[in-house]
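Visitor: kindly return the folded structure for what I paste below:
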Amino acid sequence: MSMNGKRRLLAGAAATGFALSALVPAATMAQDASAAPLPALPAPEKTTLNIGLSVTETSQFAAKLAEMAGFWSDLGITPTIAMFEGDGKTLQALQAGQLDIGFVGVSSAINSQVTDAPIVILSTNATILSDYLLAVPDVHNADELRGKCVAISTFGGTSNGSALLGLKAIGLSPADVVITEIGGQSARIAALEGGACQAAPTDASVAGELIDKGYNVLADLKEARLGWGRSGMAVTKEWLAANPNTALNALAATLRGQNYMWTNPEEAAAFYDEFNQLGDAEKAAGLIADFQEIGDRTMEWSDDAFANPREVLSIVNPDVAGVEISSAYDRSFLQQLRDLGYYEALGIPAE
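Guide: Below you'll find the model as predicted:
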């Protein structure tokens with residue numbers, strides 16, 4: 001079957017107050033590379049789901065890819081997947097009951113433990129940040145950075161986390177430097193160029209240009225591979241108690257979508273190109289390839305993916321320091337899929 005026959009046509013926005021865009025369910029199912037039959041799952045309590053994504057990046061594409069490839073419909077579930085502007089709005093909709101499932105950074109789950117509507121992470125799409133800790137041309141190593149300014153956006157934010165992990169990677173602690181709120185990435189770069197700060201976390205989209213200007217890479221977080229849960233499937237604890245079979249089926253569909261980016265990267269890239277309306281197949285393919293370096297086919301995590309965000313969050317909210325990270329996640333549903341043979345059927349390598 002041709003790729004055109006597998007891809008779906010764009011549809012109008014769903015008629016809900018929170019949905020910004022949605023795509024029509026796939027008319028035909030894309031095929032996994034593995035021919036192994038998938039294990040049967042218990043019938044879900046709910047067969048229509050409202051799902052929210054906080055970004056359109058590859059780190060949250062698995063659930064949408066599963067919809068586009070027909071994996072949700074294989075399980076008898078019809079999802080409406082809506083786009084939100086960031087974790088905050090996604091979390092708000094999830095806690096208000098507008099969403100059944102939301103994809104957010106694990107920081108949201110940790111913060112929610114001190115609210116009246118705690119959420120729990122059931123899987124993680126990616127637990128590695130891909131930023132660089134860049135320094136001005138006359139700072140070459142940790143010793144030369146000691147005592148100097150490191151620019152971040154805001155305390156408690158992801159850039160704060162990137163800075164923290166970058167410092168850990170080179171053997172420094174936050175007390176060894178002066179971490180300073182500057183603003184967004186452009187403001188951080190301006191602070192470096194103007195001499196107000198000597199280092200800052202930057203993403204790959206701008207790092208190359210700065211390196212060409214003589215800036216130094218002190219830490220590459222993609223290589224350091226220090227845990228940070230940048231995206232995960234979240235549900236409220238109340239919803240999970242009422243819909244355990246739905247949660248298991250939702251994980252199965254998303255796990256299959258996640259792995260499709262490894263087993264069928266060309267088709268996954270075509271779906272991603274369509275989803276984001278990039279109009280650039282080569283760029284889409286590159287983004288899928290990049291995700292393979294930071295994503296995890298198992299969708300599992302180590303505790304530091306939660307412990308590191310908690311450390312950063314506690315800077316602005318001391319109450320978070322006392323949160324048990326295990327209260328913000330539940331590994332049991334992925335373990336059920338593993339025990340049922342779902343991982344083996346999908347050909348997910350043992351780790």
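
Visitor: for the stretch 251-351 of the chain, which spans come out with low pLDDT?
Guide: Low-confidence segments of the stretch 251-351 of the chain, defined by pLDDT under 70: 351.

Visitor: where do the helices sit along it?
Guide: 265-276, 281-294, 304-313, 332-340, 342-346 (DSSP state H, counting those that start in this stretch).

Visitor: next one: the stretch 51-200 of the chain
Guide: Using DSSP H, counting those that start in this stretch, helices in the stretch 51-200 of the chain cover 62-68, 71-74, 87-95, 106-112, 142-145, 158-169, 185-194.

Visitor: tell me which other helices or strands the longest one touches.
Guide: Based on contacts counted as 3 or more Cβ pairs under 8 Å, 6 or more residues apart in numbering; DSSP states H and E, the elements that helix 158-169 packs against are strand 132-135, strand 149-152, strand 199-202, strand 216-220, helix 221-224, strand 227-236, helix 304-313. To be clear about C-beta, it is placed using only N, CA and C from the backbone, and glycine gets the same treatment.

Visitor: outside of the fifth one itself, list whatever touches it.
Guide: Read it as helix 221-224. For helix 221-224, contacts defined as Cβ atoms under 8 Å, 6 or more residues apart in numbering pick out 128-133, 162, 165-166, 168-169, 293-294.

Visitor: same question, the second one
Guide: Residues external to strand 149-152 that are found in contact with it (Cβ under 8 Å, 6+ apart): 133, 159-160, 162-163, 167, 177-182, 187-188, 191-192, 196-201.

Visitor: among those, name the buried ones.
Guide: Buried members of the contacts of strand 149-152, counted by 16 or more other Cβ atoms under 10 Å: 133, 159-160, 162-163, 167, 177, 179-180, 182, 188, 191-192, 197-201.

Visitor: quick one on the thing from earlier: and residue 104, which of the helices of the stretch 251-351 of the chain is closest to it?
Guide: Proximity to residue 104 (Cβ to Cβ) singles out helix 304-313 among the helices of the stretch 251-351 of the chain, at 11.4 Å.

Visitor: buried residues in that closest one, which are they?
Guide: The neighbour-count check on helix 304-313 (16+ other Cβ under 10 Å) flags 304, 305, 306, 308, 309, 310, 311, 312, 313 as buried.

Visitor: OK, contacts around the last one?
Guide: With contact set as Cβ under 8 Å, 6+ apart, residue 313 has these partners: 107, 110, 111, 156, 320.

Visitor: quickly list what residue 180 is bridged to.
Guide: Going by DSSP bridges, residue 180 is paired in beta bridges with residue 151.

Visitor: from what I can see it touches residue 199, true?
Guide: No - counting by Cβ atoms under 8 Å, residue 180 does not reach residue 199; the two are 10.5 Å apart.

Visitor: and residue 39, which of the helices of the stretch 51-200 of the chain is closest to it?
Guide: Closest approach to residue 39 among the helices of the stretch 51-200 of the chain is made by helix 71-74 (12.4 Å; Cβ to Cβ).

Visitor: in this protein, which helix or strand is least confident?
Guide: helix 3-6 (a mean of 34; mean pLDDT, DSSP states H and E).

Visitor: over to stretch 222-240 now: how far is its first residue from its last?
Guide: 33 Å (Cα to Cα, to the nearest Å).

Visitor: before we move on, the earlier item: just the buried residues of helix 304-313 now: which is nearest residue 82?
Guide: Closest to residue 82, out of all of these and judged by Cβ to Cβ, is residue 309, at 24.6 Å.

Visitor: phi, psi for the closest residue to residue 242 other than its chain neighbours please.
Guide: Ranked by Cβ to Cβ, 6 or more residues apart in numbering and with sequence neighbours excluded, the top spatial neighbour of residue 242 is residue 45, at 7.0 Å. When read as degrees, to the nearest 10, the backbone of residue 45 gives phi -70, psi -30.

Visitor: ok, residue 45 - contacts?
Guide: 242, 243, 244, 245, 246 are the contacts of residue 45 under Cβ under 8 Å, 6+ apart.

Visitor: can you pick the most crowded of those residues?
Guide: The most neighbours of any of those, using other Cβ atoms under 10 Å, belong to residue 246, which has 23 neighbours.

Visitor: for the host helix or strand of that one, list the C-alpha coordinates in CSV.
Guide: Taking DSSP states H and E as the definition, residue 246 sits inside helix 244-263. The C-alpha coordinates for helix 244-263 follow below in CSV (Å, rounded to 0.1, in the frame of the first residue of the first chain):
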residue,chain,number,x,y,z
PRO,A,244,-7.3,1.0,35.1
ASN,A,245,-8.1,-1.0,31.9
THR,A,246,-8.4,2.1,29.9
ALA,A,247,-5.0,3.3,31.2
LEU,A,248,-3.4,-0.1,30.2
ASN,A,249,-4.9,0.2,26.7
ALA,A,250,-3.8,3.8,26.4
LEU,A,251,-0.2,2.8,27.3
ALA,A,252,-0.3,0.0,24.8
ALA,A,253,-1.3,2.3,22.0
THR,A,254,1.3,4.9,23.0
LEU,A,255,4.1,2.4,23.5
ARG,A,256,3.4,1.1,20.0
GLY,A,257,3.5,4.6,18.6
GLN,A,258,6.7,5.3,20.4
ASN,A,259,8.4,2.3,18.9
TYR,A,260,7.1,3.0,15.4
MET,A,261,9.7,5.9,15.4
TRP,A,262,12.4,3.2,15.5
THR,A,263,10.9,0.4,13.5
